[in-house]
Each structure stands twice: as C-alpha cells, then as structure tokens.
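Colleague: A structural model of the following input is requested.
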Amino acid sequence: MLQVGLQFDHRAVERQLTAIGRTHIPKAMAKTLNDMTFGVKRDLEADVLRNVDRPTNFTKNPWTITKAKATDGDRMFARIEAKPKQAQWFRFMITGEERHPGDPGTGHHDILAYSSKPTAAGGAFRPAFFKGTVAKAKQEKTERQNLRQQRAARSGQGSLPPSLMWVTASRNKPGSFAGEVNGTFGYWQRPKRYLKTERDRIIGRARAQSGHISSGSSRGGSSHPWTKPGERLKLLLAFKDTTKGTPTLDYNGRMRSTASRLLSQNAFWANYRSVAP
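Modeller: Alright, predicted model coming up:
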C-alpha cells in the first residue's frame, strides 16, 4: 500500500495567515469602506446639482468625510455627514417636513410658496422677478395714494381735471397689488381692461343698433364691462405661514444604492489584491 504524506511547517503558515489577517485584510476593508463613502459623496453632489434650486458653494460642498483606518481593527468605520448648517437646510429636502418662518430657506415672517415664473429647478424665488414684482406693486400703491389725496383735496371744487380721473390715470394698465384673494395672500396682477376709447367705440356701435335702449346718460345705459373678455386676476407670488414640501433629495435611497454597488465582495477582493504584496 502506497502512502503519500505532506510535510510542511504549519507554524510558519499560521504566522503568515496571522500577519495577513493583521495587515492586509484590515487595509482592504478600510479601502473598501472609503471607496464607498467617497462614492456616496460624489453621487449626493450630483443629486444636489439636479435637485437644488440655484446651487451655491454652500449647497454644493456640504459633506464631510471621516475615513476608515485599518489600525482601528474591529472598531473600523467610515462616515459621511453634512456640516451643521447645511444639515439643517437639507433636512427639509430629505424629509419634506413642514417648514415655518425662520427655518432655513424661508423668510422671517412668511414663506414664499409659489411663483408664476419659477426657476429652472421649480423653485419659487427668482431674485429679479421677486424684486421687480414687489417694487412695481409698491410704486403703484404710492401712485394711487397720491391720486386719492389730490382728488380729496379738490373735493367740492367741481369736476376733476382729466389727469385725476380714474379712467385717464389708470387707462388699461393691469397693475398689481399685494393682498388676500380667496384665502391666498400674495401679489396679484389685475385683469387687463379696455381703453376708454375702445370701450366708447364698442358702446357707440351698440347704441347705433336698431332697438337699442339707452338711458340717455353719458355712459349710454350700457352694462359693457371695463375688463376684457377672458381676463382674470393672476397670482404672481404667493406666501404662506407654513408649508409642507415634497422630498427632493433621496438621501437614504442614495446611500443604499451606492453602498450596494461599492460595498461588495468583489470590491473587497479587488482592494485586497491591491494592498497584498
């Protein structure tokens, strides 16, 4: 009977395996964890560029990373987290929870919740449109107040001069105002109106028709409206006391998808081969 035996220095092999477990495996594990963490950072930065309204350095560079260290052994970890101020701001994008005035991304007294001209990312705040709308409404309010004061000053002095008449001063300019309509507070654009000459022409044609009944007044008894057909109040900007948003940054989903791609057995062995002699 033939016997074949294998002789080897098992103590030397054990020492080598112990060395591998002590050095190469922890290095491979740390590299795998760090690759995954930096991968999450890159993917989150791309998500922010797609979903954040007008990203700035504040929102484009919010993440800090704590790298895994091979020397930590069983206590090894890697961490990615947002900086404290950015974390408060991103919280609403991640959870969609209700926001109140004073929260990050809101005003001190109210919240801009709607714009008729949203940003490319769907946000309500476009600086030029916001400032222009507010300025026009303030200017018109001032002009109307001045006209009222001038009219009041001429009370009892006969007919008003054309320059102070409402139809002359306002003409058909839609104008805008800040106020609450049907429970919505914001800036509204008035509907367009006919010019006085347009309205007079329409009324004149109507009065010229056979059978038209006229009261004989200067308005000709016509009930023709000043507002043009199809015109309605238009909401330009809307404000709310509180608002509940829609989550736009899937932080947990991104963590899971990136981790499943980069925190794998294949990735570990690839990293092991890169650190092993």
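Colleague: got the contact list for stretch 177-197?
Modeller: 110, 114, 133-134, 137, 140-141, 167-168, 170-172, 174-176, 202, 226-228, 231-240 (CB atoms under 8 Å, 6 or more residues apart in numbering). For glycine as for every other residue, the C-beta is placed from the backbone atoms N, C-alpha and C.
Colleague: separate out the buried members of those residues.
Modeller: 110, 133, 137, 140, 170, 172, 174-176, 235-240 (16 or more other CB atoms under 10 Å).
Colleague: tell me where the stretch 151-277 of the chain has helices.
Modeller: 166-170, 196-208, 251-262, 265-275 (DSSP state H, counting those that start in this stretch).
Colleague: give the other helices and strands that the third one contacts.
Modeller: When you say that, I think you mean helix 251-262. helix 25-51, helix 84-95 (3 or more CB pairs under 8 Å, 6 or more residues apart in numbering; DSSP states H and E).
Colleague: and the helices of the stretch 151-277 of the chain: which comes nearest I65?
Modeller: helix 251-262 (13.3 Å; CB to CB).
Colleague: winner for burial among the helices and strands packed on helix 251-262?
Modeller: helix 25-51 (a mean of 18; mean count of other CB atoms under 10 Å).
Colleague: any idea which helix or strand comes after that one?
Modeller: helix 57-60 (DSSP states H and E).
Colleague: let me know the average pLDDT across the following helix or strand past that next one.
Modeller: Sequence order places strand 63-66 as the next helix or strand after helix 57-60, per DSSP H and E. For strand 63-66, mean pLDDT is 88.
Colleague: just how off-centre is stretch 185-196 within its chain?
Modeller: Mean C-alpha position of stretch 185-196 versus that of the full chain (CA atoms, centre = their mean, to the nearest Å) differs by 27 Å.
Colleague: could I have that stretch exported to PDB, CA atoms only?
Modeller: Output of stretch 185-196 as PDB, limited to C-alpha atoms (Å, rounded to 0.1, in the frame of the first residue of the first chain):
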ATOM      1  CA  PHE A 185     -52.200  86.100   0.200                       C
ATOM      2  CA  GLY A 186     -49.700  87.300  -2.300                       C
ATOM      3  CA  TYR A 187     -49.000  89.700  -5.200                       C
ATOM      4  CA  TRP A 188     -51.800  89.700  -7.800                       C
ATOM      5  CA  GLN A 189     -51.900  91.200 -11.300                       C
ATOM      6  CA  ARG A 190     -55.200  92.900 -12.200                       C
ATOM      7  CA  PRO A 191     -57.000  91.800 -15.300                       C
ATOM      8  CA  LYS A 192     -56.500  93.900 -18.400                       C
ATOM      9  CA  ARG A 193     -59.100  96.500 -19.200                       C
ATOM     10  CA  TYR A 194     -60.400  98.200 -22.300                       C
ATOM     11  CA  LEU A 195     -59.000 101.700 -23.100                       C
ATOM     12  CA  LYS A 196     -61.700 104.300 -22.700                       C
END
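Colleague: hang on, the earlier thing: of the buried ones among the contacts of stretch 177-197, the lowest pLDDT goes to which?
Modeller: N172 (60).
Colleague: verify the contact between W89 and V52 for me.
Modeller: No: the criterion here is CB atoms under 8 Å, and W89 misses it with V52 at 9.4 Å.
Colleague: now list whatever residues contact both of these two.
Modeller: T59.
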